[in-house]
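Asks: Pasting a predicted model and its sequence here:
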Amino acid sequence: MSPRELAVLLTLLAEARELTNADLFAVAGVTLDGAPRRRLNDMGLVVSEKVGRALVHELTEAGVQWCARELTSPRPAKSGSFGGALYAVLAGLHRHLDDSGRQLTDIFQPDVPAQILRKYAELTKGKPDQIRIADLRNDLPHIPPEDFTRAMTALADRDGVHVRAEADRKTLTEDDHAAAVVLGGTARHLLTVEAGR
């Protein structure tokens with residue numbers, strides 16, 4: 001396994017979600033394309049799918065099992081000090097999992113609030129504009145509704161994040177009503193995030 005392929009596998013494991021090459025690069029400074037992508041796809045460790053113009057990568061169950069086995073692997077030759085430190089952390093993680101009886105997938109869960117904030121920034125082009133929660137939900141269909149609601153509730157407690165009810169209720173669609181997040185007994189339909197949050 002090349003260092004690049006290893007970096008992709010561990011990043012997909014840690015993020016616990018589908019990632020585009022832009023996401024992979026933003027998180028770990030690596031992309032997956034060409035021969036490395038074909039190799040990980042052929043090995044059944046990663047599934048890559050073209051969505052629009054972007055390739056979206058997801059770790060398979062076999063990929064999770066490969067990562068679990070890697071926790072007990074010796075440090076690869078010529079991996080340098082960063083590689084040595086990484087494999088020390090992996091060994092420590094293995095000890096923790098062994099002692100606690102937990103699995104890797106118990107540790108690495110998707111960061112749903114971060115996904116919502118990234119999608120908000122994408123939809124608003126980084127501006128502090130107000131958007132419909134229904135649009136966010138529709139653009140993040142892989143997030144279960146209860147996880148989305150829990151994340152929005154957590155985000156509402158952050159400084160600079162505003163989850164508001166639509167003042168003109170006549171403008172609300174069925175989609176808006178279905179997507180609303182209830183906070184303090186009030187259905188909220190709009191999200192605004194102040195710049196720099």
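Replies: Structure received.
Asks: Buried residues, stretch 44-57. List them.
Replies: Going by neighbour count (16 or more other Cβ atoms under 10 Å), the buried part of stretch 44-57 is Leu45, Val46, Ser48, Leu55, Val56, His57. From N, CA and C alone the C-beta is placed, and that goes for glycine too.
Asks: Extract the C-alpha trace of that stretch and format it as CSV.
Replies: What follows is the C-alpha trace of stretch 44-57 in CSV, where atoms were taken according to Å, rounded to 0.1, in the frame of the first residue of the first chain:
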residue,chain,number,x,y,z
GLY,A,44,-12.9,-3.5,-2.8
LEU,A,45,-11.6,-1.1,-0.1
VAL,A,46,-13.1,2.1,-1.6
VAL,A,47,-16.1,2.7,-3.9
SER,A,48,-15.8,5.8,-6.1
GLU,A,49,-18.7,7.3,-8.0
LYS,A,50,-19.0,10.2,-10.4
VAL,A,51,-21.5,12.7,-9.0
GLY,A,52,-21.8,15.6,-11.4
ARG,A,53,-18.2,16.5,-12.3
ALA,A,54,-16.7,15.2,-9.0
LEU,A,55,-15.6,11.8,-7.9
VAL,A,56,-17.0,10.8,-4.6
HIS,A,57,-15.2,8.2,-2.5
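Asks: Can you give the distance from that stretch to the centre of its chain?
Replies: Relative to the chain's own centre, stretch 44-57 is displaced by 15 Å; criterion: Cα atoms, centre = their mean, to the nearest Å.
Asks: which residues sit in contact with the residue in the chain sticking out farthest from the centre?
Replies: Using Cα atoms, centre = their mean, the residue of the chain lying farthest from its centre is Lys170. It sits 34.8 Å away. Lys170 makes no contacts at all, as judged by Cβ atoms under 8 Å, 6 or more residues apart in numbering.
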